[in-house]
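In: Structure here, sequence nowhere to be found:
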Ligand code: URP
Ligand code: ZN
Ligand code: ZN
Ligand code: ZN
């Protein structure tokens, strides 16, 4: 046969186009798009289905210890399987450094965790919590060259946070070697100060988690992060944006031509602070950082998805069970500070946005593809191998039934969390068949590949989005600065 696989008659959408065609796949690559393609060893009839690039899930915590020392409920097996059932073909979880650890050792550790378990392709962002001289000058540059071309830093959490000076050092390293920096932007001191006062006044319930993570903590830190990126002329992605003010801050920076990118998540579209106020400790299931906000914020987040303030829609899957291994690790009735932090969502990220965004007419199908796949592939140096359906790209796509009605229930999901924040919600559209490098990973509600069959993706630095804009502020510009090169 001319092809290993031919998928016939589906309606294909990319970030830019929609057309009906057959897809011919050979050796895991799309080798033909056309009408009435020749025979394949396997044939899939996709008439009536929408064929979309496989999701690139660019923000998920899998088999990772939190800064409190709690292990996520999902390992690379359940995490990647849940991702695949939700229409994803690539995941980019974190290899997280705790202080004192060598980054190189951390990367080895995470390779060991993923290698025999992942069912879809993967690569790692680094989390840098301890930017020593050795790490900045030796380990990090070497790792970037070896294909770990993105990292996340934290402005909050006592065990992870870096100060502004360390942030500047990391940004200039990213700039020099062509890596992409992501930032968790919340003001640590504001949160600590709020928390202390709330706890002293006896306000311990889950709801006060959201109060302590004041919206000003997020907008201040987002603005500060953007200023530091501007000072160093370095591209920066602000992750998990939750408020209207932070959204506007990013919008303004982009309007000034800065290479500032934005990411948001389902929890900021579909949950609010009221979810943290549920009966008993139920609210603990909805505690994540930043926290869900209010209806007006949800509207501004939708606007940001529509008008390209946000390029990336991720789950921030941070899976903790509602028991002593996760959310309630500090006891059955923990004060809000001691609740395991994060919400699950890796399987529902795409179906939720498809239903409420595309089917409800808020975004086009092409915007959906950009937000869930193409933009992340571009920002993190995986495009055009990943993130599109094109000749020469990996055969990574999902066949969606756009009309399938689903009532969400945790029992149908493939993660290891035991609940979902979206329980009972009715949505329309589902990725029924998921194909990664020509392998049918999921079809008819079943997994068809072995753990460990996903491949590690080595990335090349210096691509596209990570290239500095070249807008030097006066103080760092050699031309205005008597020839001094400081970046
Ligand atoms: O609450 C969250 N998001 N927990 C996961 C860690 C992070 O900050 O992304
Ligand atoms: Zn077969
Ligand atoms: Zn974060
Ligand atoms: Zn996260």
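Out: Okay, I see it. A quick note: this is a predicted structure, and the numbers were derived from the prediction, not measured. Ligands and ions are numbered 1, 2, ... in the order given.
In: and the residue nearest to residue 355 when sequence neighbours are not counted, what does it touch?
Out: Among residues not flanking residue 355 along the chain, residue 427 sits closest, at 3.6 Å (Cβ to Cβ, 6 or more residues apart in numbering). (C-beta placed from N, C-alpha, C; glycine too.) Listed by Cβ atoms under 8 Å, 6 or more residues apart in numbering, the contact set of residue 427 reads 351, 352, 354, 355, 356, 405, 406, 408.
In: So for stretch 414-424, what gets flagged as buried?
Out: Neighbour-count burial for stretch 414-424 flags 414, 415, 416, 417, 418, 419, 420, 421, 422 (criterion: 16 or more other Cβ atoms under 10 Å).
In: Give me the contacts around that stretch.
Out: Residues contacting stretch 414-424 (Cβ under 8 Å, 6+ apart): 73-75, 78-79, 81-82, 85, 266-267, 270-271, 275, 285-286, 317, 319-323, 343-348, 352, 407-410, 413.
In: swap in stretch 167-177?
Out: Stretch 167-177 has contacts (Cβ under 8 Å, 6+ apart) with 128, 131, 136, 140-141, 144-145, 151, 153, 155, 162, 179-181, 183, 225, 228-229, 231-236, 461-462, 466, 468, 487.
In: which of these are buried?
Out: 128, 131, 136, 140-141, 144, 151, 153, 155, 162, 179-181, 183, 225, 228-229, 231-236, 461, 466, 468.
In: Now, those residues that are in helices?
Out: Using DSSP state H, the members of those that fall within helices are 140, 141, 144, 225, 228, 229, 231.
In: got a list of what the fourth one touches?
Out: By that I understand residue 225. Residues near residue 225 by Cβ under 8 Å, 6+ apart: 155, 167, 183, 185, 236, 238.
In: Leaving out the residues flanking it, which one is nearest to the residue of the stretch 351-487 of the chain found nearest ligand 1?
Out: Residue of the stretch 351-487 of the chain nearest ligand 1, by Cβ to the nearest ligand atom: residue 421 (12.2 Å). With Cβ to Cβ, 6+ apart as the criterion, residue 421 has its nearest non-adjacent residue at 5.4 Å, and that residue is residue 343.
In: Is the one you found part of a helix or strand, or is it coil?
Out: Secondary structure, DSSP: H, G, I helix; E, B strand; the rest coil: residue 343 is coil.
In: my guess is it meets residue 267, correct?
Out: Yes. Using Cβ atoms under 8 Å, residue 343 is in contact with residue 267, at 5.3 Å.
In: for the residue nearest the centre of the chain, phi and psi?
Out: Centroid-nearest residue in the chain: residue 59, 2.3 Å away (criterion: Cα atoms, centre = their mean). Backbone torsions for residue 59, taken as degrees, to the nearest 10, come to phi -150, psi 100.
In: so what's it up against?
Out: 92, 182, 239, 240, 263, 265, 312, 314, 315, 316, 317.
In: who does the second one bridge with?
Out: By that I understand residue 182. Beta-bridge partners of residue 182, counted by DSSP bridges, are residue 152, residue 237.
In: Next, count neighbours for it.
Out: 26 (other Cβ atoms under 10 Å).
In: Test my guess that it contacts residue 149.
Out: No. Using Cβ under 8 Å, residue 182 makes no contact with residue 149, being 11.7 Å away.
In: Helices along this structure, start to end?
Out: For the chain, the helices defined by DSSP H cover 76-85, 103-115, 133-134, 140-145, 164-177, 188-200, 207-212, 215-231, 244-255, 267-270, 295-306, 349-353, 365-369, 375-379.
In: closest to residue 474 out of these?
Out: Closest of the helices of the chain to residue 474 is helix 215-231, at 10.5 Å (criterion: Cβ to Cβ).
In: So for the closest one, what gets flagged as buried?
Out: 215, 217-226, 228-231.
In: That helix vs helix 188-200, what angle?
Out: Angle of helix 215-231 versus helix 188-200, following axes from the mean of the first three to the mean of the last three Cα atoms, to 10 degrees, is 170 degrees.
In: Might you calculate how far helix 215-231 sits from the centre of the chain?
Out: Here helix 215-231 is found 20 Å from its chain centre; the criterion is Cα atoms, centre = their mean, to the nearest Å.
In: how about it, does it reach ligand 1?
Out: No. Helix 215-231 stays clear of ligand 1 (Cβ under 6 Å from any ligand atom), getting no nearer than 11.9 Å.
In: between the helices of the chain, which gets nearest to residue 34?
Out: Nearest to residue 34, of those and by Cβ to Cβ, is helix 365-369 at 20.5 Å.
In: what does that closest one rub up against?
Out: Residues external to helix 365-369 that are found in contact with it (Cβ under 8 Å, 6+ apart): 13-18, 50, 52-53, 305-306, 353-354, 357-358.
In: Would you mind checking the residues you listed for buried ones?
Out: Buried among the contacts of helix 365-369 by 16+ other Cβ under 10 Å: 13, 14, 15, 50, 52, 53, 305, 353, 354, 357, 358.
In: of these, list those near ligand 1.
Out: Answer for those near ligand 1: none qualify (Cβ under 6 Å from any ligand atom).
In: So which of these sit within strands?
Out: 13, 50, 52, 53 (DSSP state E).
In: give me the beta-bridge partners of the last one?
Out: Legend: beta-bridge partners of residue 53 under DSSP bridges are residue 397.
In: before we move on, what about the first one?
Out: Beta-bridge partners recorded for residue 13 (DSSP bridges): residue 18.
In: Now do it against ligand 1, distance only.
Out: Here residue 13 is placed at a distance of 30 Å from ligand 1 (Cβ to the nearest ligand atom, to the nearest Å).
In: who touches residue 474 in this structure?
Out: Residue 474 neighbours (Cβ under 8 Å, 6+ apart): 480, 481.
In: cool, and residue 16?
Out: Applying Cβ under 8 Å, 6+ apart, the residues near residue 16 are residue 366.
In: Compute the distance between it and residue 389, please.
Out: Remark: distance between residue 16 and residue 389 (Cβ to Cβ, to the nearest Å) = 11 Å.
In: Kindly report the same for residue 428.
Out: 23 Å.
In: Quick check on these two: which one has the bigger neighbour count.
Out: Shown here are residue 428 and residue 389; by other Cβ under 10 Å, residue 389 has more neighbours (28 against 17).
In: how close does the more buried one sit to residue 19?
Out: On the measure of Cβ to Cβ, residue 389 and residue 19 end up 10 Å apart.
In: got any residues that touch both of those two?
Out: Joint contacts of residue 389 and residue 19 (Cβ under 8 Å, 6+ apart) are residue 12.
In: burial of the closest residue to residue 65 other than its chain neighbours, as a residue count?
Out: Once flanking residues are discounted, residue 65 sits nearest to residue 71: 5.5 Å by Cβ to Cβ, 6+ apart. Number of residues near residue 71 (other Cβ under 10 Å) recorded here: 15.
In: Distance check, residue 71 against ligand 1.
Out: 13 Å.
In: Alright, calling it a day.
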